[in-house]
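Chemist: here is my input, please return the structure:
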Amino acid sequence: MSGNAVISPGIEERFLIEGMDCASCVNRIETTIKKLPGIESASVNLATGEACVLYQPEQIASQKIKDAIDRIGYHAVDLPATKESYSVLETERASEHKKRLREFYVALALTLPIFLIEMLMIEFRGVRYFELLLATPVVFWSGSQFFVGAYKAARSKTAEMNTLVALSTASAYIFSVLVTLNPTLFSQHSEHTTVYFEAATVIITLILLGRLMEQRAKGKASAAMRSLLKTQATTATIIHNDKPQIVAIESVKIGDIIRVNAGEKIPVDGMITSGNASIDESMMTGESQPQSRESGNEVIGSTNLISGSIEYRATRVGENTVLRQIVRLVEKAQGSKAPIARLADVVSGYFVQAVLAIAIVAGVVWYFVGPEPHLNFALLIFVSVLIIACPCALGLATPTAILVATGRAGERGILIKNGEALENAHKLDTIILDKTGTITTGVPLLKQIITENGFDEQTLLQLAASLERKSSHPLAKAIVKAAEAKEHSLEDVEQFQMSEGKGISADVHNKKIRLGNFDFINEGNILTPQHREQYTRLMSSGESVILMTINGVFAGWFLIEHSIRESVGKAVASLKALGLEVVMLTGDNEDSAREIASRVGISNILANVLPYQKAEHVRLLQQRGKKVAMVGDGINDAPALAQADVGFAIGSGTDVAIEASDITLIRGDLNGVVEAIELSKKTMRIIKQNLFSSFLYNSLGIPIAAGLLFPVFGWLLNPMIGSAAMALSDVSVILNSLRLKKFRA
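Modeler: Below is the predicted model:
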């Protein structure tokens, strides 16, 4: 009996968190979740309002996690999984927004008279009672959310932004009420005792305005993927018993035959079985021109059929469609954290407690050493420190930039898996491009067959295709495709064997067939020096060459040409302009590799690389201190993509490669690599600007609010100015991040 416990893979689940206001909320929720049994990791994002939790289902249930979040004063709900549940969520959010809007308008209407009375020093009998009448609903109705939040935080023995606002406004309000009821309570002369009804109400009104502006800006930042989800069709026309039947898209199953006519939207992903059409795929691929599609071609759900009519078999439905995968990947990236965000999280974890201490100490000190009336002055200092220090901007600095950047990348056909990949991309100095499928189209064509020793082309092509149809290599597909085009019947093979990276062999009708490179074919020393020279000459032209023997006799050559992607030359030049070293990796020999590389402007090559060696080459570069990106599209690229600091998968490649990569290029265009790196650089500049402005704001604001400059310059920070500055700092961080919405490389 083994003593080693088998640990099952954890489940990753994301929740929407209601009630978060600042970076300290994020820290509090993360800390609470991580204390639970079975939690492997937890990440909370202020900008998206989401928590991403990886946990062991055997140790804790999803509901237990949500209950723990609810107990500390927040509310956790499951993320919507369908378009309808998104609509319900948006309806709930719209209702909540209207409520907040009413609270703000009431606060504004009641605060303005108080503000004008104090600013214009209007005096009339019972003026303080009039201000008390107006201020009370502002503090206890419009501002109720701050007191509720502060109470919940106090119950869990923590403090947050709501604590700061509630303490400051309550202090100002209670002091003013006591002075109104007993003018000489804090001073022998009532005229020396100031009331702070305007401070309490203006602070609440301005912070409510700031939150409304934040909410609107966040909505703009995350609108891209919500609008993409809305493009999905709601119904599909299924052919059942040769009759069309309209059903809800949720009812479509894999294997259903679906009919789509001109002007309609393709409901789900599938393969065309009959008909032909012109399809607008720009929303997925970025290709502005409609694409011609016919029987055997794939179609993507949510694209538009411009002309023609098709019937196709559904291959991916529900959460597995390309559209839903894109939305899911982008949402996951938007909810993730970049390593730079940890700095803000660490600081904010202690920030509120430090601010409370500073406010109390400053208030006490100024009570004893400040000017008359002492209590008024001390209260002013206490309230000012609490208001100016709210750490909202600090908490929004990184996640809002990531939210906008990943959303914009998704619109540009670039799927960034997480914030870490987005941050790492700007550090790259070396980029490896796999030749087949990345530099070339991945669809090689058989150019020529050269026969030897009396064999004919038809025999060679038929026998070679019979073997190659058992191989998944792109060169094998070129031979099979050529045989199918000439309608050759393919034979059954026996004793099939593959020598990875070298060639294949099998028996066909008692004939021993071998296909492969020069060394593989020449293992029996059947080739001459002249054959070696011819092989070198053919390979140096940039074509791939496959040799063939039949029963040990050299039978001929297969020359396969590679079509280079149109965008590669421009992309390579752009990558070099960004200061990156560009390397081409291939299994071809050095002469052939150098010829292909020279056509796209690459001078550094790694040739004769077997599939299992790719990851090792990435590792060797990393050991030399390089920050390496790998771009590939095949199954054999997956280990190298995972090993690289940033892995880029061509979107037309395999699911395995896409899963192993950090960034997926849906359009299959290498210029997407350039865009991703430039977007990373700009995003990091924006994040650093946000963090700098947030730290600077608090570093300068708190000392001024604490009265540090009062003895020398007589400068004090009015709480109302502090609350306005706090709201503007939050909004400025979001607006700065929104600049990324217009990003173009």
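Chemist: okay, now the unreliable bits of the stretch 151-300 of the chain?
Modeler: Applying pLDDT under 70 to the stretch 151-300 of the chain flags residues 184-194, 210, 213-231, 282-289.
Chemist: ok, now with 80
Modeler: Along the stretch 151-300 of the chain, the model assigns pLDDT under 80 to residues 152-165, 168, 172, 183-196, 199, 202-203, 206-207, 209-233, 280-292.
Chemist: how about the helices in the stretch 501-650 of the chain?
Modeler: 518-521, 529-540, 568-577, 590-599, 614-623, 638-643 (DSSP state H, counting those that start in this stretch).
Chemist: can you confirm Leu108 is in a helix?
Modeler: Yes - per DSSP: H, G, I helix; E, B strand; the rest coil, Leu108 lies within a helix segment.
Chemist: could you measure from it over to Gly263?
Modeler: Distance of Leu108 to Gly263, given as C-beta to C-beta, to the nearest Å: 49 Å. From N, CA and C alone the C-beta is placed, and that goes for glycine too.
Chemist: leaving out chain neighbours, which residue sits closest to Glu484?
Modeler: Spatial nearest neighbour of Glu484, chain neighbours left out: Ala465 (7.7 Å); criterion: C-beta to C-beta, 6 or more residues apart in numbering.
Chemist: do I have it right that the one you found meets Val480?
Modeler: Yes - taking contacts as C-beta atoms under 8 Å, Ala465 lies within contact range of Val480: 4.9 Å.
Chemist: what sits in contact with each of those two?
Modeler: Both Ala465 and Val480 are contacted by Leu490, under the criterion C-beta atoms under 8 Å, 6 or more residues apart in numbering.
Chemist: looking at those two, which one has more neighbours?
Modeler: Ala465 (24 against 21; other C-beta atoms under 10 Å).
Chemist: in this protein, what secondary structure element scores lowest on mean pLDDT?
Modeler: Here the helix or strand of the chain ranked lowest by mean pLDDT, DSSP states H and E is helix 223-229, holding a mean of 54.
Chemist: partner strands of the helix or strand following it and their direction?
Modeler: Once the chain leaves helix 223-229, the next helix or strand it forms, by DSSP states H and E, is strand 235-240. Strand 235-240 pairs in its sheet with strand 243-248 (antiparallel), strand 257-261 (antiparallel), by DSSP bridges.
Chemist: quick one, which of the ones you listed is packed in tightest?
Modeler: Comparing the strands paired with strand 235-240 by mean neighbour count (mean count of other C-beta atoms under 10 Å), strand 257-261 ranks first with a mean of 19.
Chemist: okay, angle between the helix or strand just after that strand and strand 257-261 too, please.
Modeler: If you walk from strand 257-261 toward the C-terminus, the next helix or strand you reach (DSSP H and E) is strand 269-280. Per axes from the mean of the first three to the mean of the last three C-alpha atoms, to 10 degrees, the angle that strand 269-280 makes with strand 257-261 is 10 degrees.
Chemist: please save the CA atoms from strand 269-280 in PDB.
Modeler: The C-alpha coordinates for strand 269-280 follow below in PDB (Å, rounded to 0.1, in the frame of the first residue of the first chain):
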ATOM      1  CA  ASP A 269     -19.200  26.200 -35.600                       C
ATOM      2  CA  GLY A 270     -19.300  23.400 -38.200                       C
ATOM      3  CA  MET A 271     -18.200  21.800 -41.500                       C
ATOM      4  CA  ILE A 272     -20.000  22.500 -44.700                       C
ATOM      5  CA  THR A 273     -21.700  19.400 -46.200                       C
ATOM      6  CA  SER A 274     -23.300  21.100 -49.300                       C
ATOM      7  CA  GLY A 275     -23.500  24.400 -51.000                       C
ATOM      8  CA  ASN A 276     -21.200  27.400 -51.200                       C
ATOM      9  CA  ALA A 277     -21.300  30.900 -49.900                       C
ATOM     10  CA  SER A 278     -19.500  34.200 -49.300                       C
ATOM     11  CA  ILE A 279     -19.000  34.700 -45.600                       C
ATOM     12  CA  ASP A 280     -18.000  37.900 -43.700                       C
END
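Chemist: and that strand, what does it pack against?
Modeler: Packing partners of strand 269-280 (3 or more C-beta pairs under 8 Å, 6 or more residues apart in numbering; DSSP states H and E): strand 257-261, strand 291-293, strand 298-299, strand 304-316.
Chemist: try it again with 10 Å
Modeler: Packing partners of strand 269-280 (3 or more C-beta pairs under 10 Å, 6 or more residues apart in numbering; DSSP states H and E): strand 257-261, strand 291-293, strand 298-299, strand 304-316, helix 322-334.
Chemist: just those: most buried one?
Modeler: The stretch of those with the highest mean neighbour count (mean count of other C-beta under 10 Å) is helix 322-334, at a mean of 21.
Chemist: what mean pLDDT does it get?
Modeler: Helix 322-334 shows a mean pLDDT of 66.
Chemist: about what we covered before: doesn't the residue nearest to Glu484 fall inside a helix?
Modeler: Yes - read with three-state DSSP, Ala465 is one of the residues of a helix.
Chemist: ok, it - contacts?
Modeler: Neighbour list for Ala465: 446, 476-484, 486, 488-491 [criterion: C-beta atoms under 10 Å, 6 or more residues apart in numbering].
Chemist: how is this protein divided into domains?
Modeler: 11-79, 253-316, 415-440+565-680, 445-561 (automatic domain parsing).
Chemist: got TSV for those, with distance to Thr400 too?
Modeler: Below are those laid out as TSV (distance: least, C-beta to C-beta, whole Å):
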stretch	distance to Thr400
domain 11-79	4
domain 253-316	25
domain 415-440+565-680	12
domain 445-561	43
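Chemist: can you tell me which of those domains is packed in deepest?
Modeler: For those, average neighbour numbers computed from mean count of other C-beta under 10 Å are highest in domain 415-440+565-680, which has a mean of 21.
Chemist: gap between that domain and the chain center?
Modeler: 20 Å (C-alpha atoms, centre = their mean, to the nearest Å).
Chemist: first-to-last residue distance for it?
Modeler: End-to-end span of domain 415-440+565-680 (C-alpha to C-alpha, to the nearest Å): 13 Å.
Chemist: for Glu250, give its distance to Gly318.
Modeler: Here Glu250 is placed at a distance of 7 Å from Gly318 (C-beta to C-beta).
Chemist: and what of Ile602?
Modeler: According to C-beta to C-beta, Ile602 and Gly318 sit 42 Å apart.
Chemist: same check on Ala478?
Modeler: Separation of Ala478 from Gly318 (C-beta to C-beta): 36 Å.
Chemist: on that earlier part again, would you format the strands paired with strand 235-240 as JSON lines with distance to Pro711 included?
Modeler: Formatted as JSON lines, the strands paired with strand 235-240 follow (distance: least, C-beta to C-beta, whole Å):
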{"stretch": "strand 243-248", "distance to Pro711": "73"}
{"stretch": "strand 257-261", "distance to Pro711": "78"}
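Chemist: the ones you listed: which one's closest to Ser693?
Modeler: Closest to Ser693 of the strands paired with strand 235-240 is strand 243-248 (C-beta to C-beta; 48.8 Å).
Chemist: contacts for that closest one next, please.
Modeler: If you take C-beta under 10 Å, 6+ apart as the criterion, strand 243-248 is touched by 233-240, 251, 253, 256, 258-259, 267.
Chemist: fine, thanks again, bye for now.
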